[in-house]
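Novice: got a predicted model here, sequence first, then my questions.
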Amino acid sequence: MPIDERKFRIGLVQMSCSTNPEENLVKAEQKVREAAAQSAQVICLQELFRSQYFCREENAELFALAETIPGPSTYRMSQLAKELGVVIVASLFEKRAAGLYHNTAAVLGADGELQGVYRKMHIPDDPLYYEKFYFTPGDLGFLNFDTRFGRIGVQVCWDQWYPEGARATSMLGASVLFYPTAIGWHPHEKAQYGESQRDAWRTIQRAHAIANGIYVAAVNRIGFEGTPDNGLEFWGSSFVADPSGQIIADASIGKEEILIAEIDPKRCDEVRRNWPFFRDRRIDAYSPILQRWRD
């Protein structure tokens, strides 16, 4: 059976992180082993899993957390991928060159090779999400990766709010779009806005699944990081939506969990036949979307 028709199983690792990078790396390795033991073939870790979410502050000393790709973490993960015969999507703080850093997802193939990287395209700058201080916007565009088990797309966190990125990635033929994520509540906002914020996060990604006839897999961290009055409570809630937007795997808000879901490329084809959004797109009329705004 052609690879683009075979079913495969994905695993999402939802976990908390300490202030010790080595401890987090060891924990992630163990969680990958657990996911593989549950028959996951493509395993995705949360955004910046090797550390706590350091972008809560602008601190030049935190650039020391960055590493090259290939580098120590990708070496460890590639060895693990080869040992287990799985694909690993690992989100890392990449030091590309002196003074040039990215928020990057590395795809480690089942033979241990670095299949490629995706560099986060949309970089936020909000209270406690000061990513523009650390990261240069990605320059590789929206990508797909042909793995041993199937064709996948990868974006990172803030990218998940942009339908253009989901569309561009889906048009390359992926069956599933992964979003490694670090998103949570400000303590003073949770009571009033918390549930609506989380619902919006889930809704926009389910909409990407529907609009593109693709599986969407979002994996978030859990735990409180920072000071009680100026930290973030990460809301977990990792999930997988099928090509019709139905949630087929769902994690809790506050527990470490591994989600397993089956990806069926034929389901993408079936949904797209019944909801032929790609057929009916008016590509001749969409040039205004390339403008910042229409005055």
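Specialist: Perfect, I can see it now.

Novice: so what pLDDT did residue 187 get?
Specialist: Here the pLDDT value assigned to residue 187 is 90.

Novice: so what's it up against?
Specialist: 228, 229, 230, 231, 233 (Cβ atoms under 8 Å, 6 or more residues apart in numbering). All C-beta spots, glycine's among them, are computed from the backbone N, C-alpha and C.

Novice: among these, which ones are buried?
Specialist: By neighbour count, with 16 or more other Cβ atoms under 10 Å, these hold 231, 233 as buried.

Novice: sort the contacts of residue 187 by pLDDT and name the bottom one.
Specialist: Minimum pLDDT across those falls on residue 229, with 84.

Novice: mind listing what it touches?
Specialist: Residue 229 makes contact with 187, 188 under the criterion Cβ under 8 Å, 6+ apart.

Novice: against residue 19, how distant is it?
Specialist: Noted for residue 229: a distance of 19 Å to residue 19, by Cβ to Cβ, to the nearest Å.

Novice: swap in residue 253?
Specialist: 22 Å.

Novice: more crowded one of those two?
Specialist: Neighbour count, other Cβ atoms under 10 Å: between residue 253 and residue 19, residue 253 has more, with 15 against 10.

Novice: what's near enough to touch that one?
Specialist: 222, 235, 236, 237.

Novice: in the protein, which spans are helices?
Specialist: 21-37, 72-84, 163-170, 190-212, 265-274, 277-280 (DSSP state H).

Novice: any idea of the angle the fifth one forms with helix 163-170?
Specialist: Following axes from the mean of the first three to the mean of the last three Cα atoms, to 10 degrees, one obtains 120 degrees for the angle between helix 265-274 and helix 163-170.

Novice: quick check: buried residues in helix 265-274?
Specialist: Counting neighbours by 16+ other Cβ under 10 Å, helix 265-274 gives 265, 267, 268, 271, 272 as buried.

Novice: now it: average pLDDT?
Specialist: Across helix 265-274, pLDDT averages out at 97.

Novice: residues in contact with it: which ones?
Specialist: So helix 265-274 is contacted by 4-7, 150, 175, 213-215, 242-244, 278 (Cβ under 8 Å, 6+ apart).

Novice: what is the nearest of those residues to residue 162?
Specialist: Of all those, residue 162 sits closest to residue 214, with 14.8 Å by Cβ to Cβ.

Novice: residue 254 contacts residue 224, correct?
Specialist: No - using Cβ atoms under 8 Å, residue 254 is not in contact with residue 224; the gap is 9.6 Å.

Novice: hang on, the earlier thing: buried ones only from the contacts of helix 265-274, please, as a PyMOL command.
Specialist: The following PyMOL line selects those of the contacts of helix 265-274 that are buried, judged by 16+ other Cβ under 10 Å:
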select buried, resi 150+175+213+214+215+242+243
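
Novice: may I see the contacts of helix 265-274 arranged in JSON lines, with pLDDT and distance to residue 112 as well?
Specialist: Output for the contacts of helix 265-274, formatted as JSON lines (pLDDT from 0 to 100; distance: Cβ to Cβ, whole Å):
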{"residue": "4", "pLDDT": "73", "distance to residue 112": "23"}
{"residue": "5", "pLDDT": "83", "distance to residue 112": "26"}
{"residue": "6", "pLDDT": "94", "distance to residue 112": "21"}
{"residue": "7", "pLDDT": "97", "distance to residue 112": "24"}
{"residue": "150", "pLDDT": "97", "distance to residue 112": "18"}
{"residue": "175", "pLDDT": "98", "distance to residue 112": "23"}
{"residue": "213", "pLDDT": "98", "distance to residue 112": "32"}
{"residue": "214", "pLDDT": "98", "distance to residue 112": "28"}
{"residue": "215", "pLDDT": "98", "distance to residue 112": "25"}
{"residue": "242", "pLDDT": "98", "distance to residue 112": "31"}
{"residue": "243", "pLDDT": "98", "distance to residue 112": "31"}
{"residue": "244", "pLDDT": "98", "distance to residue 112": "36"}
{"residue": "278", "pLDDT": "97", "distance to residue 112": "35"}
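
Novice: out of the contacts of residue 253, which is most surrounded?
Specialist: residue 236 (26 neighbours).

Novice: so, low pLDDT: which residues of the protein?
Specialist: Counting by pLDDT under 70, the chain contains low-confidence residues at 1-3.

Novice: tell me where the longest strand sits in it.
Specialist: Ranked by number of residues, the top strand in the chain under DSSP state E is strand 87-97.
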